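**Q** quick one, structure for this:
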Amino acid sequence: MKLNRRGFLGATAGAAAAASLSAPMAQASGSGKPKVVVIGGGAGGATCARYIAKDSNGEIDVTLIEPTRTYYTCFFSNLYMAGIRDLRSISHSYGKLASDYGINVVHDWAVNIDREARTVSLAGGATLTYDRLVLSPGIDFVDGAVPGWDLTRQNKMPHAYKAGSQSELLKAQIEAMPEGGTFAMVAPPNPFRCPPGPYERISMIAHILKNRNPTAKILIADPKPKFSKQALFQDGWSRHYDGMIEWVGPDFGGGAVEVNADEMTVSIDGEVTKVDACNVIPAMKAGRICDMAGITEGNWAPVIPHTMQSRVDGSIHVLGDASNQGDMPKSGFAANSQAKVAAMAVRSALTGSKLFPAKFTNTCWSLIDEGDGVKVGASYEATDEKIAKVDGFISQVGEDAELRQATYEESVGWYRGMTSDMFG
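**A** Numbering: from 1, shown residues only. Here you go, the predicted model:
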C-alpha cells in the first residue's frame, strides 16, 4: 500500500519521527530480540548492518540481504579499468560480517515488501519479519533515458556503473579498439551516482589509450552544461592527453543523443559518428525495491535527515544513492556516513540507546593520471528539510606534483579504511 506523502510531510513528519524514536518498539515477532533487515550490501547497507550488530551488544538480530557473494566497489573501479589496480583489489566478501559480528548474511533477491505486515519476501521463497528495515539498494536505470539503449544492449554498450563483470567487459572493449579508433561516452544527467565518476573514467581510459593506442580519440556527449571538478579535469586532460578528448555539452548537442548498439554509432544532434567502443551511462533512479515498497517520489526515496527514515514509512530507513536527502552527493563515502547515522537511530528506536545529533561528511577523490589525484569534499548537518552543506573544499588547478601524489596516496588509505569499515 502506497501512502499519500503529503499527508505525512509538514509538521507531523518531524513529530512522528521523534515519537518513533522515543522508546524501544515492540518486536515484530511479538517476543525475543528486535529484528532488523538490511537490503543491499554496499557502502550503505554493509556499514549499517555492521554498526547495528557491533554496537547493540547482541540485543538486535541483524539480517543482511545481498544477492552477490562478492562485492566489487564502484569506487576505484575506474582504476581497475586503467590497469592501475587489479579486479581482486576491489572485490570483497561478507564472511567477516557473519563470523565476527553475528550478522545473518543471506545471498538472495528481495522481491517484495509488505509494509503493513513488516515482512520482506525473497526470491528463494523465504519471508523475513522486521521491526526496522534498512534499504540501501543503490541505483537502477531510467527506462528510455538514452534512445536506442536499454539493459538488453548493455553487453554491446556497457554502462559499467555497477562494478564487476560490466567493468571487465568495458575494459576488454577499450583494449580491443583498433589503432586510431574512437571511444564514446554518453554521460548521465543529474542527479547520479558519483558525480566525478564519468570524468575520472574518461581520464583512466585516456591513460590506457595514451600507452596502448595513442592516436585514438575520446568523445563525450554530456546533457549537463557543467560537471563535477570540471576545471580540474579539463586542465588535467590538456596536460596529460592533449588533443585526445572532446567534450560536447548541451549547447552543442550533447543533450540530444541517440545510440545504435548493432551499428556501433552515436548520434549527437543528428550527426552520426561510428565508434569502436561506447560507454552509455543512463539517467538513474533508486534501486527498484524502493518502488516495490512504495516509498519513492519521482526517481528517489525522500528521507528525514536526522535519522535517514523514509518520509513515507518511519519503520524504513533509506541510505546512499537511493535516498533523496538534500545536499550530499550520491557517493560511497556519503552512503557510509549516512549508514552510521541510521544505525544509531535504529539502535535508539529498538533498545532506547542515546540518539546524538546527526553529522555527515563526504570526500570524493579522482585520479586524472598516475600520481595526479584531486579531491572535493564537505561536511553536512541535518535540518528538518534536508541534509545541508556546512562547508567544503576542492583541489585547485596548478597544484604541484608532490601535492597531487599525496592526494592520490590519501585516497588509497581511505579505500583501505572504508572497506574495513564496511566489511570488518
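**Q** any idea which helix or strand carries the closest residue to residue 355 other than its chain neighbours?
**A** What sits nearest to residue 355 in space, not counting adjacent residues and going by C-beta to C-beta, 6 or more residues apart in numbering, is residue 348, at 4.1 Å. Where C-beta positions appear, they are placed from N, C-alpha and C, glycine not excepted. Secondary-structure assignment from DSSP states H and E places residue 348 in helix 332-351.
**Q** which helices and strands does that helix pack with?
**A** helix 45-55, strand 132-135, strand 316-318, strand 359-369, helix 401-423 (3 or more C-beta pairs under 8 Å, 6 or more residues apart in numbering; DSSP states H and E).
**Q** let me know the pLDDT of residue 30.
**A** Here, the pLDDT recorded for residue 30 equals 51.
**Q** could you do residue 231 as well?
**A** Residue 231 is assigned a pLDDT of 98 by the prediction.
**Q** and it, how far from residue 141?
**A** 29 Å (C-beta to C-beta, to the nearest Å).
**Q** these two - which one has more neighbours?
**A** residue 141 (22 against 13; other C-beta atoms under 10 Å).
**Q** now the angle from the helix holding residue 348 to strand 359-369?
**A** 160 degrees (axes from the mean of the first three to the mean of the last three C-alpha atoms, to 10 degrees).
**Q** for helix 332-351, list the C-alpha coordinates in PDB.
**A** Extracted in PDB, the C-alpha atoms of helix 332-351 (Å, rounded to 0.1, in the frame of the first residue of the first chain):
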ATOM      1  CA  GLY A 332      30.200   5.600  -1.400                       C
ATOM      2  CA  PHE A 333      31.600   7.900   1.300                       C
ATOM      3  CA  ALA A 334      28.200   9.600   1.700                       C
ATOM      4  CA  ALA A 335      26.400   6.300   2.000                       C
ATOM      5  CA  ASN A 336      28.900   5.100   4.600                       C
ATOM      6  CA  SER A 337      28.400   8.400   6.600                       C
ATOM      7  CA  GLN A 338      24.600   8.100   6.400                       C
ATOM      8  CA  ALA A 339      24.700   4.400   7.400                       C
ATOM      9  CA  LYS A 340      26.200   5.400  10.800                       C
ATOM     10  CA  VAL A 341      23.500   7.900  11.400                       C
ATOM     11  CA  ALA A 342      20.800   5.400  10.500                       C
ATOM     12  CA  ALA A 343      22.400   2.700  12.700                       C
ATOM     13  CA  MET A 344      22.400   5.000  15.700                       C
ATOM     14  CA  ALA A 345      18.700   5.800  15.000                       C
ATOM     15  CA  VAL A 346      17.800   2.100  14.700                       C
ATOM     16  CA  ARG A 347      19.500   1.200  17.900                       C
ATOM     17  CA  SER A 348      17.800   4.100  19.700                       C
ATOM     18  CA  ALA A 349      14.400   3.100  18.400                       C
ATOM     19  CA  LEU A 350      14.800  -0.600  19.300                       C
ATOM     20  CA  THR A 351      16.900  -0.500  22.500                       C
END
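**Q** what's the burial count for residue 334?
**A** 28.
**Q** circling back: quick check: the residue nearest to residue 355 vs residue 313, distance?
**A** 17 Å.
**Q** between the two, which one's more packed in?
**A** For residue 348 versus residue 313, neighbours defined as other C-beta under 10 Å are more numerous around residue 313 (22 against 19).
**Q** from residue 301, how far off is that one?
**A** Noted for residue 313: a distance of 10 Å to residue 301, by C-beta to C-beta.
**Q** who touches both of those two?
**A** By the contact definition C-beta atoms under 8 Å, 6 or more residues apart in numbering, residue 313 and residue 301 are jointly contacted by residue 295.
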